[in-house]
Every structure is written in structure tokens, then in C-alpha cells.
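S.K.: need coordinates for the following:
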Amino acid sequence: MKLFSYTRAESAEAAARAGAGGATRFIAGGTNLVDLMKLQVETPETLVDISRLPLDRIEEREDGGLTIGALVPNSDLAADARVTDRYEVLARALLAGASGQLRNKATTGGNLLQRTRCYYFYDVATPCNKRVPGSGCAAREGYNRILAVLGTSEKCIATHPSDMAVAMRALDATVVTLKPDGDRRRIALGDFYRLPGDTPEVETVLEPGELITAVELPAPVAGARHLYRKVRDRASYAFALVSVAGVVATEGDTVTSAALAFGGLGPMPWRNPEVEAAIVGRPASDETFAAAADALLADARGFGSNDFKIPLARRTLIASLRELTGK
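M.R.: Numbering: from 1, shown residues only. Below is the predicted model of the structure:
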């Protein structure tokens, strides 16, 4: 690990100002950043400790939703009665991630900013455009079993690793941030992440020093069923090969509303409105579910070792829709 300086922020405003430096990183739980620093994938000159800021509360919103502080630990969020009662998909996604020890340290804001687990990103001896822009993407022709089949580019085929973010994408979450100049903004989670394109090293729309302070969830959909289904290599402590976060409401045999997000398939928590349009207003049937899978995978492309993800995603989505609709 390379030498770095360390400072403890006394306020969110002070943290944002300190974080505006080019080689500065915020640290809270450190469950991802510290590993990356040990491998010299991340080599910040300064760490700004935000772990003691008062951003660890879950609060009711006037619209019936929740405001979740950026420093709420994953374990606390998963266990909160308001989350388990009204946002079951989120609680299930959190409990599907990592281990109990890591969930006790990992924070809401940090979870959103996890970096890919692509083998070549972690191996500094191999080319990786995300780690060293312009060096190439070894994964495209290499071992890419866990990597993306949607939203890829010639520069990068990495996947986003978060379970929590997939559920929050299905819940239409909004990220609240504070800039170094004191301005605040609210960013829909669907607009928060960037596709790799020609700049895979730029993963979000955050500006230098911009600090996540909270995540807002809107009021839950009345009467909807929630599901988080994660397909992985082992029963615990493994990242998703394919995951589905679903919030679906039905009336009789007809789907009246649907929100579906996917993990393990793309460089961000993946959501395609055409998938939801394929089932809303239609009968809950395997024919309808197959149409949704067709919409999801219309542009899917495998790279050899991960070709299996395409049929796996189809089966996982259809199985998830059967459960969500009681079929």
C-alpha cells in the first residue's frame, strides 16, 4: 500500500471541500476501498474520513417514503422494520450480499460506489481501461464468466457488483449529494451511473468532492409483491451471475404495475422500460413473461465464458415473474 495522508471531516461541508482534490477519496466502512488500496488499484494521496458524520439515520418522509443516511450500515438497513415491512426487496437484496461482518461495516453510500470485481481490474499486471485508461480490455478475450452481456463497449465489459443498488433501482431511489461549493442535488438512481462507452473509468455522474449524503425512497406501491432472486456460484458470499429485483402488482390475472431491475448483467444496476411495458396491462402468463425476457435480452452479447448468462437470465426472469404474480 502506498503512503497517503489522512484527515477526519468534522462536517459534511468540510468533507466535500476536502474531497475536491484530484487524488482524494472518502472513506467510511472501507470494505472495498481498503482492498483496492492494498492492491494499488486505488492510490489516493489523501483519505477523508466521513465515518463520524451524522449521516447514519433512517427517517420518515412526508410522502410516505424513507430517507436513508449515507452512513447507515447495510445490516441496520436490512433489519429496520420499515424496510422489511414496506421495501422487502431491499431487505432481501442486502441480506443476499457479502457476509454479516461486511454488512456491519459497509455503508449505504459506499455500497452504491462499489467498483467492479472484474479479475483484470484487480490485477495490475494486466490491461484494464477502467484502471488505466487506454491500456486495453483483457477481459474481452480473456476469462469473462462473471462479466456483462448488456451495456458493454469496446473498452469495457465489467459488471457492477452491488445487490443493494439493484433493489434501489427497482424502487426508483434518488441519491442526494453535497458539492464542495455547498450546492445540493438530487439524482435519480437511473441517472447516477454511466455506461462505459469510451470512458469506463468514469462510473458515475458525481463531480470531484461531491459527497453522497442520503438516498431517498418514494412511498411503496400498495399491494405489490416484492422479490429479490440472486443466482450465484455458492449460497453465500458470492456476487451475482444474474439477479432480479422485482416489485409487481396484479389485479386478477392482469399485471397492473411492474418495476424490474437486474444485477450481474450490465455495468450498472440494469433497468429497461421495455421489459416492464411487455407485461403491464397483460395477463400473467408464460407467453407474457417470455416477451419480457425477449425485451431484456434483445441486445445481449456474450464474450465466450459468459455466454451462459443469456439463457440463465431468461430463465431467472421468467421464474421471478411467476413468483411475483402468484403463477
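
S.K.: buried stuff in the longest helix along the chain?
M.R.: Longest helix in the chain, counting residues (DSSP state H): helix 309-324. Using 16 or more other CB atoms under 10 Å as the burial criterion, the residues of helix 309-324 that qualify are Lys309, Ile310, Leu312, Ala313, Arg314, Thr316, Leu317, Ile318, Ser320, Leu321, Leu324. C-beta coordinates here come from the backbone N, C-alpha and C atoms, glycine included.

S.K.: who touches that helix?
M.R.: 149, 225, 227, 229, 231, 241-244, 246, 248, 260, 262, 264-265, 275, 279, 284, 286, 288-290, 292-293, 296-297, 300, 302, 327 (CB atoms under 8 Å, 6 or more residues apart in numbering).

S.K.: make it 6 Å
M.R.: 149, 225, 227, 229, 231, 242, 244, 246, 248, 265, 289, 293, 297, 300, 302 (CB atoms under 6 Å, 6 or more residues apart in numbering).

S.K.: can I get it in CSV, CA atoms only?
M.R.: C-alpha atoms of helix 309-324 as CSV (Å, rounded to 0.1, in the frame of the first residue of the first chain):
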residue,chain,number,x,y,z
LYS,A,309,-25.7,-15.7,-18.8
ILE,A,310,-28.1,-15.0,-21.6
PRO,A,311,-30.2,-18.2,-21.3
LEU,A,312,-29.7,-18.1,-17.5
ALA,A,313,-31.1,-14.5,-17.4
ARG,A,314,-34.1,-15.6,-19.4
ARG,A,315,-34.9,-18.5,-17.0
THR,A,316,-34.3,-16.4,-13.9
LEU,A,317,-36.6,-13.6,-15.1
ILE,A,318,-39.5,-16.0,-16.1
ALA,A,319,-39.2,-17.8,-12.7
SER,A,320,-39.2,-14.5,-10.9
LEU,A,321,-42.3,-13.2,-12.7
ARG,A,322,-44.1,-16.5,-12.0
GLU,A,323,-43.4,-15.9,-8.3
LEU,A,324,-44.2,-12.2,-8.4
